[in-house]
Each structure stands twice: as structure tokens, then as C-alpha cells.
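1. Show me how the following folds:
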Amino acid sequence: MKLLAVSAIAVTAMGLTPATASAATDPLGVGIVRNNDYQRGLFAVPVWTNAPSAHVDTVTATIRDGATTITTVPLTEDAQSPGLWEPDTALSLTRHGGAIPDVGRYAIDVTAHDTADDSVTRTDAGTLDFTFRPEFDQANGAWDGITFTRPTLDATHRSTTATGVLLGVEPGAGGVAVPLEGETVTVTRRYTSGRPGLPADASYQVTTGADGGWTTGDLELVDWTAFTSSFTADTTRVHGTATGSASPGFAQTPVTVTAHTNRSRFEPGQSIVVTGKVLAGSQPVVGLRVALNLSPYQSNEPERVVVTDARGNFSGTVVAVPDYWVTWSASTDDAFYDGSTSGEIKVPAEAAYSHVSIVLAATGTVTARATLDRLYPDNASLGRQRTDLQYSRDGKTAWKSIAHVTPDYYSAVVLTTPGYSDGYYRLYHPASDDLAHAYSAVYHRSRIPTRVTGNDAGPEPIRSGRTLTVRGTLQEYRGGWRTMGHKHVELWFLANGAKRWSYVSSGTTDSRGRAVLHGTATKSGKWIVQYWADTAHFNSYATADPVAIR
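-> You can find the predicted model right below:
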């Protein structure tokens, strides 16, 4: 078996340069021997000559054990790598018809001759690695160097023994391997599922027998498992590393999983309680891990694993995450059992109010405007969504809904209703299947109540065309009623049977808030002094005074 081709540049790299290979006057050079690690018994050595018009014609290698010569073999130049010389066939043991008495390491002297009749011998040009190359036997189903006494485990048979055979490939024997007895093999057991709480990796030191065989003894497994075997040595008998790997199979027992959630709709961040039971036939499965999940986005969160009790029951929670269609699942989390169940729930999208305006008008009505926004996920259609206007005296407690609206277009909110003279307002969206509950910011709104007391028109009755005088006192409420001096007021009239008030005249209250206004009486009806509010006050209210025309 030949070595792989080596470039001319590599020939120099593998050996010494002509200047260091021998004396400066010696044109012949011999490099350092390199072994073929895979097919031990083969080696190669770079040889060159600097003699003009000459070439190397013969090269031999002498194999010796100390001062004892074992054999001398001719070397042939590799046709694909000029300058690189190697045996035509691998050296082998005497029991295979070769010249080497036993495995081990032997010195190599290389002698070269060229056509200019130059000769040179390099003593200790290298060491022949004639040791066993270790490998794990792959026969009889041990394709990866490991077999199991029970290759497939199940719920009632959870233990197995890992076994293997360590062999040494003889040098120069064309792949012949013999058992390696008395060697130490390291076997590692590793659980592969990544589940939390599993035992750490475990290593076992085992010794090979006369047939090279090794065994871990019986091992009880709790989850999907990978085994690796490794052996490394660097002695006069064995040199190299061998590895193997394999995993036992698992036959999962089908089980029935039944479960339900504590309700059908959950808002984002709320805990979903999943309660259920696991049966194998009619018998409860005790101590079984069950994984609770919410899909699809819950896959980014650590799964919740619970364990069945003595009756096969389980219960646990997952956190609600919004999506268009949300599915919860409860699945066995065990190498020996297989079963699952699932169901759909509603997890509405998160929502918020924007562009909020809440105005308390002088007439006593409050008008709220806003946009109800879907946050995440944000690109799905929605049905009609209700909005309540809520009121609280202190802005913290006793919130109550004073009006609500469900617009055709869910996001545009416009709502008008009678308000309060002082207090706090906010918008509220009760949770639906589409949107989670949402509150706007809290807004303090207030105005000062006003009134006209003693509203009196006279004389009465009165003849048509005569001048009527209406008197009253304008007041505001600031912890008590106080007069409002020097304020603009107006006189208004509502004829009997009419639906609209008519403006008559205007004036200004005196320093004590007293108003005296005049108008011409033409019809029977009601007369009132009116104060129209500024930004801090409500419009005034008063009891209209009826006057009849005679």
C-alpha cells in the first residue's frame, strides 16, 4: 500500500535541506522517515542528490532493534511524488511471513546511492511505528463500536448494558485485528433531550478481557441516552485513539391524556391553569412528566413541566400570550410514554387608547373622544368594541361607568353624557375575545356652578306693549353660594307654546351681583335672567318666571 502523493515542496519540508543532511561536500541527502499511521509497516523518506546530471538510483532501509539488525528492505521512488522513497509492500510480522518479530518501535537507517557513484547512510533517520492501531469492533451489529444487551427499552424494561470489543489492527497484515486484553476503556453516558433535572453525564472505566471485550454492567436509564466509548494509548504495544458511539432505542407506550383549562378566555399575562389525567389503558400513570405549552409564541418561553400524582392527575399553569389562534397542549415528556391533548382558547390582543380628549362643557355635559388601538398582534380585523366613560370623585376609588358606546368602526370613540361639576374621568374597554381590557389616562375636569336667585318678572299681569322688568341675583358656588358682581347677563323669553327661547336684552350685574333687565311684553310666557359661562364656570340655572298678558 502506497503513501498518498506528496508534492516536491513537501519533500524538503519532511526532511532536512541538503546543507544539513550531510557534509557540505556530500551531494546526497536523506530526510526524516514518516510513518503511514493507517497502514503501519509502510513509511516514506525523502532522498535527493545535488550531483550534476545525476539521480538517485538505489535506496535501502535497515530496520534494527538496538544494535541488532532485523531486516534491510529496498525502497522505490513514488512515481507521483518524485524524491519520496518507500517500500513496495508493508513490513509484517514473522507469523504472517514477514521479517518483524513483534510489534513495537524500531530504528530505521537509510542508505542512498546515486548515478554519480555517491553514497550516504543516515543513521536513525526515523523510527518505525510497528504498534497495534486500536479500533472498536464493528462486527455483529456494532456499527458504531457499541452494542446493547437490550437494544430497545420500554416502560417495563428500563435498563441495559453497553458492551464492545477493543481490537488492535496488526501492522502490515492487511487489516487483520486481534483482541487487546487488559486495556482500560472509558464509557460515557449522556442524556440527550436537554430536559432540566436529568442526571449529569456519567463515565465508567472498564477493562477489556481476553477477547478484547468490555461491558459497563446493567445501567437503568431515565431518558433518551447516547453512549460513547474511547480508548487512547501510546505504548510500545499500542498507539492511537479509538472511539465509538451508539444509542439504545425506546419503544414508547401509548397513553391517554385528558385535560382542560379553567376558562376559555385569558388576557395577556394571566395564568392559564391546565388540569388533567394520564391513563395507560384504565390504569393511572404515576410520576409521569407532562409538558404544558401554549403555541405558537409560547415556544419561546421555557415549557412548564408537571408530574402526575398517585392517581395520574396533574395540574399546572402557563402564561397567556396573545395571537390570532391560541392552542394549549399537554404532552408526555418521557422517553417511555407517548400521549398528548390540546385545545383552543381566546387570548385577546393588548389594547390602548390614544388621542384621548375629555371635555366638560359649560352646559354640564362631558364629551370624550379617543382611538382604541390594537397593539400586538396588530394586523388582524376586529369586531365592534365597547368603550365606557367612567367617573370617580377622587380619581382612585369607586369608579363607575356613566355612559358607554359601541361604535360601528371599533377604533373611533365619541361619547357625550351629563357630567359632574368636579371629579375624574377615564375611558375603559372591557375585555372581549378580540381585545384585552384597557384604560385611558385619568383626567380631572371641573367647573364652578352658577345660578340666578330671585328671578322675578313684573308687573304681572301686564298689558301688551308695556315694559317688563326682570330682576335676579347672580351667584357662584365656592364652598358656599357667593354673589358675582360686574358680570354680563342676558334676558331671555319663551312664549307659551313655543319651543325656542328668544333673546330680549342684556346688562351687567352690580357689585352685589344684582341684575335689572327690561323687555317689552307682547305675549304670555316665561322670563329668565341668564349668565353664559366662561372657561371656569357652568351656565347659570334659574327658575323662569311666567307672566300673562291681559
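
2. Any idea what Asp234 is bridged to?
-> Bridge pairing for Asp234 (DSSP bridges) gives the partners His239.

3. Could you check how far it is from Gly212?
-> Distance, Asp234 to Gly212, using CB to CB, to the nearest Å: 19 Å. For the C-beta atoms, the positions are set from N, CA and C on the backbone; glycine is no exception.

4. Count the neighbours of Asn313 for me.
-> When neighbours are counted by other CB atoms under 10 Å, Asn313 registers 14.

5. and the nearest residue to it once chain neighbours are set aside, how many neighbours does it have?
-> Nearest non-adjacent residue to Asn313, counting by CB to CB, 6 or more residues apart in numbering: Lys277, 5.2 Å away. Lys277 has 19 neighbours, counted by other CB under 10 Å.

6. Repeat that for Leu517.
-> Quick note: Leu517 (other CB under 10 Å) scores 23 neighbours.

7. surely it meets Gly507?
-> Yes: between Leu517 and Gly507 there is a contact under CB atoms under 8 Å: 5.1 Å.

8. which residues are in contact with both of the two?
-> Val489, Glu490, Leu491 (CB atoms under 8 Å, 6 or more residues apart in numbering).

9. Listing request: residues of the stretch 401-550 of the chain with sub-threshold pLDDT.
-> 409-410 (pLDDT under 70).

10. That should have said the stretch 201-350 of the chain, apologies.
-> 296-302.

11. For the stretch 251-400 of the chain, which segments count as helices?
-> Applying DSSP state H, counting those that start in this stretch to the stretch 251-400 of the chain gives no helices.

12. swap that for the chain, please
-> 8-14, 18-21 (DSSP state H).

13. one step back: any idea how far Asp338 is from the residue nearest to Asn313?
-> Distance from Lys277 to Asp338, by CB to CB: 16 Å.

14. One more: Thr253?
-> 7 Å.

15. repeat for Val529
-> 87 Å.

16. Which one of these two is surrounded by more residues?
-> Counting neighbours by other CB under 10 Å for Val529 and for Asp338 shows that Val529 has the greater number, 29 against 15.

17. Identify the residue spatially nearest to that one, adjacent ones excluded.
-> Gly472 (4.1 Å).

18. So what sits opposite that neighbour in the bridge?
-> Beta-bridge partners, per DSSP bridges, of Gly472: Ala515.

19. Hmm, Val452 and it touching each other?
-> Yes: using CB under 8 Å, Gly472 is in contact with Val452, at 4.1 Å.

20. what's the overlap in contacts for these two?
-> Taking CB under 8 Å, 6+ apart as the contact rule, Gly472 and Val452 both touch Val489, Ala515, Val529, Ala542.

21. For Glu460, state which of the residues you listed is nearest.
-> Nearest to Glu460 out of the shared contacts of Gly472 and Val452 is Val529 (CB to CB; 15.7 Å).

22. residue contacts, Val206?
-> Thr184, Val185, Val187, Trp214, Thr215, Thr216.

23. Please pick the buried ones from the residues you listed.
-> Buried by 16 or more other CB atoms under 10 Å: Val185, Val187, Trp214, Thr215, Thr216, out of the contacts of Val206.

24. separation between the second one and Ser247?
-> With distances defined as CB to CB, the gap from Val187 to Ser247 amounts to 13 Å.

25. again with Thr188
-> 12 Å.

26. repeat for Ala155
-> 18 Å.

27. picking up where we left off before, which neighbours do Val187 and Ser247 share?
-> Joint contacts of Val187 and Ser247 (CB under 8 Å, 6+ apart) are Phe227.

28. Could you find the closest non-adjacent residue to Arg500?
-> Excluding its sequence neighbours, the residue lying closest to Arg500 (CB to CB, 6+ apart) is Leu494, at 7.6 Å.

29. from the middle of its chain, how far away would stretch 473-485 be?
-> The chain centre lies 66 Å from the centre of stretch 473-485; the measure is CA atoms, centre = their mean, to the nearest Å.

30. Stretch 105-116 too?
-> Put simply, stretch 105-116 sits 65 Å off its chain's centre (CA atoms, centre = their mean).

31. what's the average pLDDT for it?
-> Mean per-residue pLDDT for stretch 105-116: 97.

32. So which bits of that stretch are buried?
-> Across stretch 105-116, burial judged by 16+ other CB under 10 Å covers Tyr106, Ala107, Ile108, Asp109, Val110, Thr111, Ala112, His113, Asp114, Ala116.

33. if we can go back for a sec, of the shared contacts of Leu517 and Gly507, which is the nearest to Arg466?
-> Ranked by distance to Arg466 (CB to CB), the shared contacts of Leu517 and Gly507 are led by Leu491 at 15.3 Å.

34. So that closest one is in contact with Gly519, correct?
-> Yes: with contact defined as CB under 8 Å, Leu491 counts as touching Gly519 (5.5 Å).

35. For the stretch 351-500 of the chain, just list every one of the strands.
-> Assigned by DSSP state E, counting those that start in this stretch, the stretch 351-500 of the chain shows strands spanning 351-360, 365-374, 387-392, 400-405, 412-418, 422-429, 438-439, 443-446, 448-458, 467-477, 481-483, 488-495.

36. Give me the number of neighbouring residues for the closest residue to Ala495 other than its chain neighbours.
-> With sequence-adjacent residues excluded and distances taken as CB to CB, 6+ apart, Ala495 is closest to Gly525, at 4.0 Å. Counted with other CB under 10 Å, the neighbours of Gly525 add up to 20.

37. looking at the sheet around Gly525, what are its partners?
-> Beta-bridge partners of Gly525, as defined by DSSP bridges: Ala495, Val547.

38. just Pro134 next, same as before
-> Beta bridges link Pro134 to Gly168, judged by DSSP bridges.

39. ok, now which ones touch Val405?
-> By CB under 8 Å, 6+ apart, the contact list for Val405 reads Arg386, Thr387, Val413, Val414, Leu415.

40. One more: Phe314?
-> With contact set as CB under 8 Å, 6+ apart, Phe314 has these partners: Ala259, Thr275, Gly276, Lys277, Val278, Leu288, Val290, Val306, Val307, Thr308, Ala330.

41. still on that earlier bit, put together CSV for the contacts of Val405, with distance to Ala361 and neighbour count on each row.
-> Output for the contacts of Val405, formatted as CSV (distance: CB to CB, whole Å; neighbours: other CB atoms under 10 Å):
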residue, distance to Ala361, neighbour count
Arg386, 24, 16
Thr387, 19, 25
Val413, 17, 24
Val414, 14, 12
Leu415, 13, 19
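
42. Check the residues you listed and tell me the two furthest apart.
-> Arg386 and Val414 (13.5 Å).

43. And the strands in the stretch 151-300 of the chain, which stretches?
-> Going by DSSP E, counting those that start in this stretch, the stretch 151-300 of the chain shows strands at 152-153, 159-169, 177-179, 184-191, 202-207, 213-220, 225-234, 239-246, 249-250, 253-254, 256-261, 271-280, 283-284, 289-295.

44. Mind putting these into TSV with distance to Gly458?
-> Shown next, in TSV, are the strands of the stretch 151-300 of the chain (distance: least, CB to CB, whole Å):
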stretch	distance to Gly458
strand 152-153	109
strand 159-169	113
strand 177-179	133
strand 184-191	102
strand 202-207	110
strand 213-220	109
strand 225-234	107
strand 239-246	113
strand 249-250	105
strand 253-254	99
strand 256-261	76
strand 271-280	73
strand 283-284	95
strand 289-295	78
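
45. So for Thr49, which of these sits nearest?
-> Among the strands of the stretch 151-300 of the chain, if distance is taken as CB to CB, the winner is strand 239-246, at 33.7 Å.
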